[in-house]
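Student: I would like to see how this sequence folds:
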Amino acid sequence: MVEFADAVVGLLYGRDDLLGVREIADLLEFDRRQGKVLRSLLTALCREGLLVEEDGGFMIGPDARVVDGMLSVHPKGFAFVAVAEPPAWLVIERDIFLPPTQLASASHGDRVLVAVTKIGHERAEGRVVRVLNRATNRVVGTYTVGRPAGLVTPEDERLAFQVVVRSENSGGAKNGDAVVAEITDYRLGGANPEGRIVEVLGDPESLQVQTDMVVRKFELPHTFGEQALAQAEAFPEAVVMEAGRVDLREIKHVTIDGETARDFDDAVAVIKNKSGYRLYVSIADVSHYVTPGSPLDTEAYQRGTSVYFPTRVVPMLPERLSNNLCSLVPDEDRYAFTAILDFDRKGHRIGKQFTKSLIRSQRRLTYTMVRQVLVDDDGAVKTQLKGLLTQLKWMGELAAEIEKQRMARGSIGFELPEAQIELGPDETVAGIGRMERNQAHKIIEEFMLAANEAVATTFDEMGMPSLYRVHEPPDPVKVSEFVEFGGSLGFRLPSGSGTPAWFGKVLKLAAGTPQEYIINNLLLRTMQQARYSPDNVGHFGLAAEYYTHFTSPIRRYPDLMVHRALSRLLAAPKAKVKSAAGQSPAESLGEAGGFLSKRERTAVDAEREVVDRIKVRFMTEKVGESFDGVVAGATSFGLFVELLDVFVNGAVAIGEMRDDYYHFDEKHHRLMGKRTGNVFQIGDLVRVRVAGVDAARRHINFDRVEKIDSAPAAGGKSKA
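Tutor: You can find the predicted model right below:
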């Protein structure tokens with residue numbers, strides 16, 4: 001009867017009206033011949049205080065200890081429920097705990113109704129009464145053939161069930177195939193749900209299939225509708241001069257990107273004059289093609305951003321736009337939106353203007369080529385780029401001065417490495433290194449930051465509503481914890497913690513040491529996430545009072561919104577009433593900012609997971625080999641180690657450290673040997689052996705850890 005009681009409570013929860021016995025029976029499809037049984041059940045629930053009866057009707061009682069919240073399931077089976085607004089009777093400091101046996105048919109991410117069975121000093125315990133809203137209707141997993149039914153085991157280990165698939169619903173999947181299964185019946189009592197296979201992805205050993213699995217797992221929109229594709233194909237190939245545009249084709253724009261880049265949405269040019277420098281930052285005019293309310297616009301907004309995987313790109317716009325009409329390829333006329341920024345010789349901005357333009361890129365340069373000219377002084381490359389050498393020199397000069405001004409005001413120069421995946425033939429992984437960051441990267445970074453700031457400043461000056469890229473100050477508690485932690489590592493940290501300038505001093509202190517990467521990482525964890533908002537609260541990390549995203553409308557929808565706002569401002573610069581209508585399909589800028597921030601985080605998580613899958617695949621072939629690394633973390637469970645020559649991290653379980661019995665010194669974040677006095681702490685250089693790989697959980701396990709005297713520090717790359 002517990003299931004029926006839960007069903008009744010779940011039915012009445014959240015209702016303000018009374019329901020009679022017959023109504024309850026009908027809604028729950030209860031056999032009317034069992035009316036006396038239902039009546040007895042309702043009476044018992046009233047006696048327990050869960051329900052109250054008035055005039056022959058029933059509703060949830062004021063003393064009923066039931067609440068709703070979001071369920072988060074741990075891979076080990078237990079779960080927690082986060083309650084957004086706990087009632088007065090639920091005074092706890094942490095989420096409600098649910099043992100594995102009390103989840104009923106609920107799964108990770110569901111919104112559930114929970115009966116609280118026990119309230120302790122800090123935490124309550126409970127059981128799931130009803131699933132109010134399912135988070136998962138489709139799962140990605142591996143199919144196992146069976147008769148009369150097979151099973152799909154979800155990839156996500158937090159989904160503690162298998163989907164039962166009858167043979168006729170297998171969709172032709174073979175044993176071991178990666179598939180997408182749709183759940184058709186969540187059965188009660190914790191039984192495995194039933195479903196059908198709606199997509200067969202193929203061999204899970206394939207890198208392309210692994211990417212497909214992540215795309216489906218994160219529910220990334222990856223196909224365009226017929227209307228959007230037809231609209232993209234209908235645009236004329238010809239690019240013509242039109243009213244309202246400035247002809248900038250004589251300006252020597254160039255694009256500077258990575259060797260494997262396919263879309264080129266920004267081109268730059270620099271002219272040196274008597275007062276300083278004039279910088280042109282020309283961005284593909286996506287708004288010329290993607291108009292508000294169009295099929296292309298609707299689909300671009302739902303994506304929010306392009307997603308970049310080592311194996312392929314899931315674009316925000318169809319390739320006709322992203323790789324053709326809106327790509328600033330050399331020797332082709334292209335519509336652009338240009339920020340023309342004037343700087344003095346010291347890098348202070350002294351003027352700004354914006355215009356719709358027509359440009360013609362002179363050359364497609366790579367970061368490597370620019371480095372070879374400005375840093376390596378490579379004669380062969382300089383001969384190849386003879387007509388651009390002076391401009392490249394000016395670019396280097398201007399970028400260096402702009403960077404000096406930015407750092408002087410307190411902008412934080414994080415140096416965090418990114419993985420560079422080198423794929424070989426037949427989907428082999430040839431190597432995983434740290435992406436190079438050279439002077440050319442800094443040139444483009446500084447120019448894009450300068451353009452973004454100039455646009456945001458203009459919006460503020462003119463009172464134009466749009467989205468800002470905001471970054472609030474860090475949590476003071478987390479900063480205090482870092483200060484304590486830094487002291488335990490022996491760093492004599494500067495005073496005045498919590499300001500952008502203080503963060504910069506700490507990073508400078510760690511620069512060039514083995515702990516540099518660790519300090520960068522730990523400092524970053526104190527930060528809040530940057531997001532999109534119509535309310536400008538500044539950008540802490542950049543120490544910028546005004547900041548937005550203007551420079552990548554091919555791959556970021558917020559940039560397209562900014563272009564539309566700037567276009568309206570140029571069309572009516574003196575208008576007193578400014579509206580945000582038409583910038584996006586959302587009803588308000590606040591709604592758009594929240595939605596697009598979530599889409600950005602989803603894309604980052606998906607990109608990170610594919611890289612992690614590739615790392616695991618790569619290290620599977622390295623089992624038994626030894627590598628040098630740096631200790632990135634120490635816990636009671638063991639050590640986390642970041643390898644130096646291969647950009648991979650893994651763990652050394654404390655049980656694998658067999659030369660001594662180690663205990664965790666929590667205060668100083670280190671492991672100490674009881675007999676030998678050996679110490680392993682964050683920043684120590686070590687040599688480890690690859691003991692094994694857990695592909696399902698994407699864990700890399702090391703053993704045979706030993707300290708080494710010296711090794712090169714991990715390289716880095718900053719990301720604004």
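
Student: where along the stretch 501-650 of the chain do the helices fall?
Tutor: Secondary structure of the stretch 501-650 of the chain by DSSP state H, counting those that start in this stretch: the helices cover 516-526, 557-571, 589-620.

Student: and those, which one is worst for confidence?
Tutor: Sorting the helices of the stretch 501-650 of the chain by mean pLDDT places helix 516-526 lowest, at a mean of 83.

Student: How about residues contacting that helix?
Tutor: 414-417, 474-475, 478-479, 481-482, 485-486, 491, 503, 506-507, 509-510, 630, 632, 642, 682-683, 713-714, 716 (CB atoms under 8 Å, 6 or more residues apart in numbering). (Each C-beta comes from the backbone N, C-alpha and C, glycine too.)

Student: count of neighbours near V81?
Tutor: V81 has 24 neighbours, counted by other CB atoms under 10 Å.

Student: The helix or strand hosting it pairs with which strands, parallel or anti?
Tutor: Per DSSP states H and E: V81 is located in strand 79-82. Next to strand 79-82 in the sheet, as set by DSSP bridges, lie strand 66-73 (antiparallel), strand 96-98 (antiparallel).

Student: Deepest in the core, which of those is it.
Tutor: strand 96-98 (a mean of 23; mean count of other CB atoms under 10 Å).

Student: tell me the mean pLDDT over whatever helix or strand comes next after that one?
Tutor: Remark: after strand 96-98, the chain's next helix or strand is strand 111-119, criterion DSSP H and E. Averaging pLDDT along strand 111-119 yields 90.

Student: Pull out the buried positions in strand 111-119.
Tutor: Residues R111, V112, L113, V114, A115, V116, I119 are the ones in strand 111-119 that count as buried (16 or more other CB atoms under 10 Å).

Student: can you list contacts of that strand?
Tutor: 6, 9-10, 13, 65-71, 81, 90-92, 96, 98, 106, 124-133, 135.

Student: go with 6 Å
Tutor: 10, 13, 65-68, 70-71, 81, 96, 106, 124-133 (CB atoms under 6 Å, 6 or more residues apart in numbering).

Student: what pairs with that strand, and is each one parallel or antiparallel?
Tutor: Take DSSP bridges as the rule and strand 111-119 pairs in its sheet with strand 66-73 (antiparallel), strand 124-133 (antiparallel).

Student: Worst mean pLDDT among those?
Tutor: When I compare the strands paired with strand 111-119, strand 124-133 is least confident, with a mean of 88.

Student: I'd like the next helix or strand past that one.
Tutor: According to DSSP H and E, the helix or strand after strand 124-133 is strand 138-144.

Student: Please name the strands paired to that following strand in the sheet, noting orientation.
Tutor: Here, using DSSP bridges, strand 138-144 pairs with strand 149-154 (antiparallel), strand 178-185 (antiparallel).

Student: who touches the helix or strand just after the last one?
Tutor: Right, the one you point to is strand 178-185. Following strand 178-185 in sequence order, the next helix or strand is strand 194-202 (DSSP H and E). Defining contact as CB under 6 Å, 6+ apart, one finds that strand 194-202 is touched by 163-165, 169-171, 173, 177-185, 209, 212.

Student: Neighbouring strands - and their directions - for strand 194-202?
Tutor: Per DSSP bridges, strand 194-202 is paired in its sheet with strand 163-166 (parallel), strand 178-185 (antiparallel).

Student: what packs against the next helix or strand after it?
Tutor: Using DSSP H and E, the helix or strand that follows strand 194-202 towards the C-terminus is helix 207-217. Applying 3 or more CB pairs under 6 Å, 6 or more residues apart in numbering; DSSP states H and E, one finds that helix 207-217 contacts strand 138-144, strand 178-185, strand 194-202, helix 589-620.

Student: Could you provide these in TSV, with additional columns for mean neighbour count?
Tutor: Output for the helices and strands packed on helix 207-217, formatted as TSV (neighbours: other CB atoms under 10 Å):
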stretch	mean neighbour count
strand 138-144	21
strand 178-185	20
strand 194-202	18
helix 589-620	19
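
Student: Please name the residues that touch the residue nearest to M70 when sequence neighbours are not counted.
Tutor: Closest residue to M70 apart from its sequence neighbours, by CB to CB, 6 or more residues apart in numbering: A82 at 5.0 Å. Going by CB under 6 Å, 6+ apart, A82 touches G69, M70, D95.

Student: hey, what's the first one bridged with?
Tutor: Beta-bridge partners for G69, by DSSP bridges, are V112.

Student: right, and it touches E85 too?
Tutor: No. Assessed by CB atoms under 6 Å, G69 is found out of contact with E85, at 9.4 Å.

Student: Of the contacts of helix 516-526, keep whichever come out buried.
Tutor: Applying 16+ other CB under 10 Å to the contacts of helix 516-526 flags 414-417, 474, 478-479, 482, 485-486, 491, 503, 506-507, 509-510, 630, 632, 642, 682-683, 713-714, 716 as buried.

Student: Quick check: end-to-end length of stretch 359-374?
Tutor: End-to-end distance for stretch 359-374: 25 Å, by CA to CA, to the nearest Å.

Student: Pull the distance from that stretch to the chain's centre.
Tutor: Chain-centre distance of stretch 359-374: 30 Å, with CA atoms, centre = their mean, to the nearest Å.

Student: Equivalent analysis for stretch 555-571, please.
Tutor: Counting by CA atoms, centre = their mean, stretch 555-571 comes out at 23 Å from the chain centroid.

Student: and the gap between G202 and K76?
Tutor: Using CB to CB, to the nearest Å, G202 is found at 31 Å from K76.

Student: before we move on, the earlier item: select, out of the helices and strands packed on helix 207-217, the one closest to P330.
Tutor: With respect to P330, and counting by CB to CB, the nearest of these is helix 589-620 at 28.3 Å.

Student: count of neighbours near T223?
Tutor: The local packing of T223 (other CB under 10 Å) involves 8 other residues.

Student: typo on my end, it should be N520
Tutor: 22.

Student: From V506, how far off is it?
Tutor: The separation that N520 has from V506, given CB to CB, amounts to 9 Å.

Student: what do you get for F618?
Tutor: 33 Å.

Student: ok, the contacts of A82 vs G56, which is closest?
Tutor: G69 (32.1 Å).

Student: How about the contacts made by the closest one?
Tutor: Contacts for G69 (CB under 6 Å, 6+ apart) come out as V81, A82, V83.

Student: Between those residues, which sits nearest D285?
Tutor: Nearest member of those to D285, counting by CB to CB, is A82, at 43.7 Å.

Student: out of the strands paired with strand 138-144, nearest to V705?
Tutor: strand 149-154 (33.3 Å).

Student: between the closest one and helix 207-217, how big is the angle?
Tutor: 80 degrees (axes from the mean of the first three to the mean of the last three CA atoms, to 10 degrees).

Student: so how far is strand 149-154 off the chain centroid?
Tutor: 29 Å.

Student: Let me have the strands paired with strand 194-202 in a markdown table, extended by mean pLDDT.
Tutor: Shown next, in a markdown table, are those (pLDDT from 0 to 100):
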| stretch | mean pLDDT |
| --- | --- |
| strand 163-166 | 96 |
| strand 178-185 | 95 |
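
Student: would you turn these into a markdown table with distance to R22?
Tutor: Listed next are the strands paired with strand 194-202 as a markdown table, based on distance: least, CB to CB, whole Å:
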| stretch | distance to R22 |
| --- | --- |
| strand 163-166 | 35 |
| strand 178-185 | 27 |
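
Student: Let me know which of these is the nearest to R613.
Tutor: Using CB to CB, the nearest of the strands paired with strand 194-202 to R613 is strand 178-185, at 11.8 Å.

Student: what's the distance between that closest one and the middle of its chain?
Tutor: With CA atoms, centre = their mean, you get 25 Å for strand 178-185.

Student: Not counting that strand itself, show me its contacts.
Tutor: 137-140, 143, 152, 163, 173, 193-201, 204, 209, 213, 216.

Student: re the thing from before, and of the strands paired with strand 138-144, who's closest to A25?
Tutor: strand 178-185 (22.3 Å).

Student: Brilliant, that's me finished.
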